[in-house]
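**Q** Would you be able to build a 3D model of this:
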Amino acid sequence: MTRQMALVGFLQAQNCTNLPSSWRHPESREDSMSADYYQEIARILEAGKFHMAFFDDRLAMPDRYGNDHAHTVEYGIRCVKMDPLIVLTTMGMVTEKLGLGATCSTTYYEPFDVARRFATLDLMSGGRAGWNVVTSLNDGEALNMGKDSHPEHDSRYDRADEFMEVVLGHWDTWEDGALIMDKTSGRFADPAKVKRLDHKGEFFKSRGPFTVPRSDQGHPVIIQAGASGRGQRFAGRWGEVIFTAARNLTAAKESYAAVRNEAAKAGRDPDQMFLCNLTTPVCAATNAEAEDRMALINKLPLQIDALSLLAEALNYDFASKGLDEPLTTEELKSMQGILGIRDGVLKTSGKSNPSARDFVTFSGRGQVQDAMVGGPKEIADKFEEMFVERGCDGFVIAATYVPGSYADFVRHVVPELQRRGLFQKDYRGKTLRENLGLKRPAVGAWKAQPRDAAE
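**A** Coordinates of the predicted model:
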């Protein structure tokens, strides 16, 4: 089959999209805490043949800036954060083939709990679940989860590697064909095909037996978004759908090659993974109409949006310095969380000691400066170039207002991508793996992978 791109809808179970100013848009719905809000999005994405609806998540509202949450609440900067798995369940009830992906932290949950939640969603949705594996970001999350501070960056990934072994181990303890369901004999399942895990490692102990049988797709699809060197090694070892955030084709190609190389070093087939680049399209029937939409969107962000999200993502209080005061080398090294943001600012600004204002300017955090603006042809041209030139295997579509951004994309851009043969006109099957073209994993297949790439 001719290579076609994957499309993922990027969502937040909160009062705004990943763009905190989106709730201020005059056409955004105001009932973001209702099931109908998310179910409308689900119907739009499935009508557009999107592979998956995906929820990012945090375990705290942004409160690292000034170590206070007042600005977050006052300006609606992602201050509402609901449980994405429950929201996804409501979306699964009104769709049949749309994949359902959500974030859950390896730093603040237990592996058995996460394994059971996602395996249950997988069964309830007919094999459409995906788990975005994250190590969380900052001290706010730590304090909410009973810890004094957030663990160091690389150590979180060491813990996450073992977390994956426990989760996948539990998912594999029910073999295919374990269920018998024979009412005459009274036998429900074959005990020889259901085993205990009995894991004892550096970070975790988990006995089992696991309590959820395998789904039609084997087990949930593993999603990852590691941007740092350690994060890319983790993504190469475990990820099946990888989220990237390259701001141009050159950077996209570098990231694409790096992650696929890590996968190959880990003994995996790089073609059994999809790298999808985060993109914010602002589209309409014509280029002129799209530019008018963009002019309105550009009026919505506030400087506090960017500062708040930067402090959250890098676990550093940007309010502790003057806006134009250069950050010291020690302060830059102390940053945690999404280190790709810090490294990107250093590279793009050309400054070894950028200021908070430089971080606002060059990070794009809380802003829409990298939006793709245009009519169907203009947007499709940019998508086609990055896809054909192997900068990515698909795109994560972020919204500037809801649900209109998704509807605009499905109405104007999807038909053009389909006309060019770049995107599917219908789903291939019923499970997320079938629709992505991923193989159904055999029990225990992950154990045979060499570990050197992720150590």
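**Q** Quick one: mean pLDDT for stretch 326-337?
**A** For stretch 326-337, mean pLDDT is 92.
**Q** ranges for the strands of the stretch 351-455 of the chain?
**A** 372-374, 394-397 (DSSP state E, counting those that start in this stretch).
**Q** okay if I get the ones you listed as a markdown table plus mean pLDDT and distance to residue 114?
**A** Where you see a C-beta, it was placed from the backbone N, CA and C, and this is true even at glycine. Below are the strands of the stretch 351-455 of the chain laid out as a markdown table (pLDDT from 0 to 100; distance: least, Cβ to Cβ, whole Å):
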| stretch | mean pLDDT | distance to residue 114 |
| --- | --- | --- |
| strand 372-374 | 97 | 34 |
| strand 394-397 | 98 | 22 |
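**Q** Quick check: which of those strands is nearest to residue 154?
**A** Nearest to residue 154 among the strands of the stretch 351-455 of the chain is strand 394-397 (25.5 Å), distances taken as Cβ to Cβ.
**Q** show me the contacts for residue 85.
**A** By Cβ atoms under 8 Å, 6 or more residues apart in numbering, the contact set of residue 85 is 102, 104, 117-118, 121.
**Q** Taking those together, which two end up most distant?
**A** Maximum distance among the contacts of residue 85 (Cβ to Cβ): 10.6 Å, for 104 and 121.
**Q** Without its sequence neighbours, what residue ends up closest to residue 444?
**A** residue 172 (5.4 Å; Cβ to Cβ, 6 or more residues apart in numbering).
**Q** let me fix that: residue 331
**A** residue 316 is the one closest to residue 331 (Cβ to Cβ, 6+ apart), at 7.1 Å.
**Q** same check, this time on residue 23
**A** Nearest residue to residue 23, sequence neighbours excluded (Cβ to Cβ, 6+ apart): residue 16, at 4.3 Å.
**Q** and that neighbour, how many neighbours?
**A** 23 (other Cβ atoms under 10 Å).
**Q** Pull the contacting residues for it.
**A** Residue 16 neighbours (Cβ under 8 Å, 6+ apart): 22-23, 32, 76-78.
**Q** any chance of these in CSV, plus secondary structure?
**A** Below are these laid out as CSV (DSSP: H, G, I helix; E, B strand; the rest coil):
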residue, secondary structure
22, helix
23, helix
32, coil
76, coil
77, coil
78, coil
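**Q** quick one on the thing from earlier: could you report the distance from the residue nearest to residue 331 to residue 352?
**A** Relative to residue 352, residue 316 is positioned 17 Å away (Cβ to Cβ, to the nearest Å).
**Q** Check which element follows the helix or strand of the chain at the bottom of the mean pLDDT ranking along the chain.
**A** Taking mean pLDDT, DSSP states H and E as the measure, the chain has helix 139-144 as its least confident helix or strand, at a mean of 86. Next in sequence after helix 139-144, counting helices and strands by DSSP states H and E, comes helix 153-171.
**Q** And that following helix, what does it pack against?
**A** Under the contact definition 3 or more Cβ pairs under 8 Å, 6 or more residues apart in numbering; DSSP states H and E, helix 153-171 sits against helix 111-124, strand 129-134, strand 199-200, helix 229-238.
**Q** Can I get those in a markdown table including mean pLDDT?
**A** Below are the helices and strands packed on helix 153-171 laid out as a markdown table (pLDDT from 0 to 100):
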| stretch | mean pLDDT |
| --- | --- |
| helix 111-124 | 98 |
| strand 129-134 | 96 |
| strand 199-200 | 97 |
| helix 229-238 | 88 |
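**Q** can I get those in TSV with mean neighbour count and distance to residue 388?
**A** Below are those laid out as TSV (neighbours: other Cβ atoms under 10 Å; distance: least, Cβ to Cβ, whole Å):
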stretch	mean neighbour count	distance to residue 388
helix 111-124	21	33
strand 129-134	25	26
strand 199-200	13	44
helix 229-238	24	23
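**Q** possible to save the ones you listed as TSV with distance to residue 300?
**A** Output for the helices and strands packed on helix 153-171, formatted as TSV (distance: least, Cβ to Cβ, whole Å):
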stretch	distance to residue 300
helix 111-124	34
strand 129-134	27
strand 199-200	48
helix 229-238	31
